[in-house]
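Colleague: Quick one, fold the following:
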Amino acid sequence: MTKFSLLLAQAQPAAPSGAQTLMSLLPMILIFAAMYFLLIAPQRKKQKEHEKMLTTLKAGDEIITTGGIYGTITSVKDDRFVVRVGDNNQKLEIGKGFVSALVKKTDAS
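Modeller: As a prediction, the model looks like this:
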């Protein structure tokens, strides 16, 4: 029996040291860092630019919505814009988050 327990003791691997643990985690850390710099950071930058654009919109600016509707802002409310679309001056109220892009900014007077 003692030979068997001695054989078992020799077969068990030694506990990894701190450097070995760090080296085994290094690929995961590098993958996370690459994902952050390639995916997360550019998306956050784009989102901040979109929010800044939304705060600077005012009456007279021409916009395009996420649905592809072109229109001109006639008034700004707390959470939405009133937008004039078409030649017959139809007006729509759209949420601020549904403005996709600024087409033409009015001249600052």
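Colleague: Not counting its neighbours along the chain, what's nearest residue 106?
Modeller: residue 60 (3.6 Å; C-beta to C-beta, 6 or more residues apart in numbering). No exception for glycine: its C-beta is placed from N, CA and C like everyone else's.
Colleague: residue ranges with poor pLDDT in the protein?
Modeller: Across the chain, residues meeting the criterion (pLDDT under 70) sit at 1-17, 108-109.
Colleague: what about the helices in it?
Modeller: For the chain, the helices defined by DSSP state H occupy 2-11, 18-35, 41-56.
Colleague: circling back: tell me the backbone dihedrals of the residue nearest to residue 106, please.
Modeller: When read as degrees, to the nearest 10, the backbone of residue 60 gives phi 100, psi -20.
Colleague: One more: residue 87?
Modeller: For residue 87, the backbone dihedrals (degrees, to the nearest 10) come out as phi -80, psi -20.
Colleague: That one: neighbour count?
Modeller: By other C-beta atoms under 10 Å, 5 other residues sit near residue 87.
Colleague: From residue 24, how far off is it?
Modeller: 67 Å (C-beta to C-beta, to the nearest Å).
Colleague: how about stretch 51-59: buried residues?
Modeller: By 16 or more other C-beta atoms under 10 Å, the buried positions in stretch 51-59 come out as 53, 57.
Colleague: Quick check: bridge partners of the residue nearest to residue 61 when sequence neighbours are not counted?
Modeller: Once flanking residues are discounted, residue 61 sits nearest to residue 73: 5.0 Å by C-beta to C-beta, 6+ apart. Taking DSSP bridges as the rule, residue 73 bridges to residue 83.
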